[in-house]
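Chemist: Here is my input, please return the structure:
(2 chains)
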2 protein chains.
Amino acid sequence: MKKAIFYHAGCPVCVSAEQNFVNLIDRDAVSTEIVHLGQNSNRITEAESAGVKSVPALLLDGQVYHINYGASLEDVKKG
Amino acid sequence: MKKAIFYHAGCPVCVSAEQNFVNLIDRDAVSTEIVHLGQNSNRITEAESAGVKSVPALLLDGQVYHINYGASLEDVKKG
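Modeler: Down below sits the predicted model:
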């Protein structure tokens, strides 16, 4: 099974993307982990290393898909 | 069943998004139409009205999700 990570920060754009979009991913094919970078700031470095520039973003097979624009990773770091 | 429209223009970013991302959408829950705006330029106005600014983009429940950035709609119009 593929594994995806959805990084977000609780912003309205993030919540919209999560509810309308990530929930539609086929659960039989992909296991999606949801990571709130505001609450799990220890995961920010990992996200940055993977190429995440802004949230919301979906990491899948080593590729980052930035979905619209909620906040930059720099802003998330500032809290 | 929900209906989604994936607008693209054949660009590498579009193809990546389609193959790795759109294909993971749960087909039991969502019927996804793939529209190549380069080949179907008569659909550009419809995409623009829906709020599509660039491709690739997914239209779902009236919301536009721009997935990374391949080309602006203006560039697609120029062909």
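Chemist: all strands for chain A, in order.
Modeler: All strands of chain A, identified by DSSP state E, fall at A:2-8, A:30-36, A:54-60, A:63-72.
Chemist: of all those strands, which lies closest to residue B:31?
Modeler: strand A:30-36 (18.6 Å; C-beta to C-beta). To be clear about C-beta, it is placed using only N, CA and C from the backbone, and glycine gets the same treatment.
Chemist: who does that closest one touch, helix- and strand-wise?
Modeler: On a contact count with 3 or more C-beta pairs under 8 Å, 6 or more residues apart in numbering or on different chains; DSSP states H and E, strand A:30-36 meets strand A:2-8.
Chemist: What are the buried residues along the strand it packs on?
Modeler: A:4, A:5, A:6, A:7, A:8 (16 or more other C-beta atoms under 10 Å in any protein chain shown).
Chemist: Next one: the last one, what pLDDT does it get?
Modeler: Pointing back at residue A:8 there. pLDDT for residue A:8: 96.
Chemist: check contacts around it.
Modeler: A:14, A:15, A:17, A:18, A:34, A:35, A:36, A:37, A:55, A:56, A:57, A:70 (C-beta atoms under 8 Å, 6 or more residues apart in numbering or on different chains).
Chemist: Quickly note the distance from the second one to residue A:72.
Modeler: Read it as residue A:15. 17 Å (C-beta to C-beta, to the nearest Å).
Chemist: Please identify the most buried of the strands of chain A.
Modeler: strand A:54-60 (a mean of 24; mean count of other C-beta atoms under 10 Å in any protein chain shown).
Chemist: I'd like to know which elements it is packed against.
Modeler: Secondary elements touching strand A:54-60 (3+ C-beta pairs under 8 Å, 6+ apart): strand A:2-8, helix A:12-20, helix A:44-50, strand A:63-72, helix A:73-78.
Chemist: among the ones you listed, which gets the worst mean confidence?
Modeler: Across these, helix A:12-20 gives the lowest mean pLDDT, at a mean of 89.
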